[in-house]
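coordinates only, no sequence provided:
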């Protein structure tokens with residue numbers, strides 16, 4: 001199931017990106033423009049969620065397929081290092097919402113400041129070089145405007161979407177007793193909203209409670225914890 005869903009996300013991301021770059025006009029009065037632009041943001045988010053699930057061995061029971069999925073998803077998202085991400089993510093789960101959590105901002109929790117720190121931790125010189133090379137290769141097939149709008153901008157906006165629903169909202173202060181032991185809150189039960197907002201990643205207490213559960217099954221953990229009165 002995990003491999004099947006990953007293939008769907010990879011395929012739709014590639015198809016929508018290719019179609020948008022080649023055939024969609026950047027026109028602020030066009031429904032097609034907004035549809036493909038917003039869809040690409042959503043699919044970029046799905047790419048990273050796939051890479052994230054690979055970090056928890058949730059894409060495939062086969063370790064090699066799982067690792068390949070993770071490396072591919074992170075590379076396609078923004079030339080990111082899967083190895084660096086998985087190391088930091090393990091620390092995040094071990095020390096969620098504390099000074100030892102690499103994704104947490106213990107001091108200034110202003111959303112802009114926190115997001116900039118969050119991005120700075122994961123951007124590398126190698127990544128910038130990779131993205132610059134890909135950008136210039138894409139210029140052979142489409143305009144710079146289309147590359148910025150359909151390739152670059154959706155990745156940045158998806159990064160903010162993931163940060164907002166997966167880091168800022170769940171882990172920001174104040175940390176209440178109900179958030180113990182993960183220093184994490186959760187999105188209210190609304191499966192449609194939870195899916196379209198961030199692939200159920202807003203069910204973040206549930207994710208920390210059961211990290212091995214793939215994103216498409218987090219709603220089941222939500223139902224269990226609701227019955228137990230834990231969320």
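Received it, and whenever you're ready, just let me know what you need. Since we're looking at a predicted model, the values are computed, not measured. Numbers count the residues shown, from 1 in each chain.

ok, and what's touching the lowest-mean-pLDDT helix or strand in the chain?
Least confident helix or strand of the chain, by mean pLDDT, DSSP states H and E, is helix 111-122 with a mean of 93. Applying Cβ atoms under 8 Å, 6 or more residues apart in numbering, the external contacts of helix 111-122 come out as 80, 84-85, 88, 102-103, 105, 108, 159-160, 163-164, 167-168. Quick note: C-beta positions are derived from backbone N, CA and C, even for glycine.

run the last query once more with 10 Å
74, 78, 80-81, 84-85, 88, 102-105, 107-108, 110, 156, 159-160, 162-164, 167-169, 171-172 (Cβ atoms under 10 Å, 6 or more residues apart in numbering).

separate out the buried members of the residues you listed.
For those, a burial check counting by 16 or more other Cβ atoms under 10 Å picks out 74, 78, 80-81, 84-85, 88, 102-105, 159-160, 162-164, 167-169, 171-172.

by contact count, what packs against the top helix by length along the chain?
Looking across the chain with DSSP state H, the single longest helix is helix 31-55. Using 3 or more Cβ pairs under 10 Å, 6 or more residues apart in numbering; DSSP states H and E as the contact test, the elements touching helix 31-55 are helix 2-23, helix 63-78, helix 82-94, helix 153-163, helix 191-198.

my read is that residue 218 contacts residue 231, right?
No. Under the criterion of Cβ atoms under 10 Å, residue 218 makes no contact with residue 231, lying 11.5 Å away.

shared neighbours of those two, anything?
Taking Cβ under 10 Å, 6+ apart as the criterion, residue 218 and residue 231 both touch 186, 187, 203, 204, 206, 209.

what residues are up against the closest residue to residue 171 other than its chain neighbours?
Leaving aside its sequence neighbours, residue 171 sits nearest to residue 97 (Cβ to Cβ, 6 or more residues apart in numbering; 4.5 Å). If you count contacts by Cβ under 10 Å, 6+ apart, residue 97 has them with 103-104, 106, 167, 170-173, 175, 179, 181-184, 208.

let's see it at 8 Å
104, 171, 175, 179, 182, 183, 184.

farthest-apart pair in the shared contacts of residue 218 and residue 231, please.
187 and 209 (13.8 Å; Cβ to Cβ).

of the contacts of residue 97, keep whichever come out buried.
Buried among the contacts of residue 97 by 16+ other Cβ under 10 Å: 104, 171, 175, 179, 182, 183, 184.

which residue is the nearest non-sequential neighbour of residue 63?
residue 57 (7.3 Å).

surely that neighbour meets residue 66?
Yes. With contacts defined as Cβ atoms under 8 Å, residue 57 counts as touching residue 66 at a distance of 5.5 Å.

which one's more surrounded, these two?
Neighbours were tallied for residue 57 and for residue 66 using other Cβ atoms under 10 Å; the higher tally belongs to residue 66 (21 against 17).

all set now, cheers.
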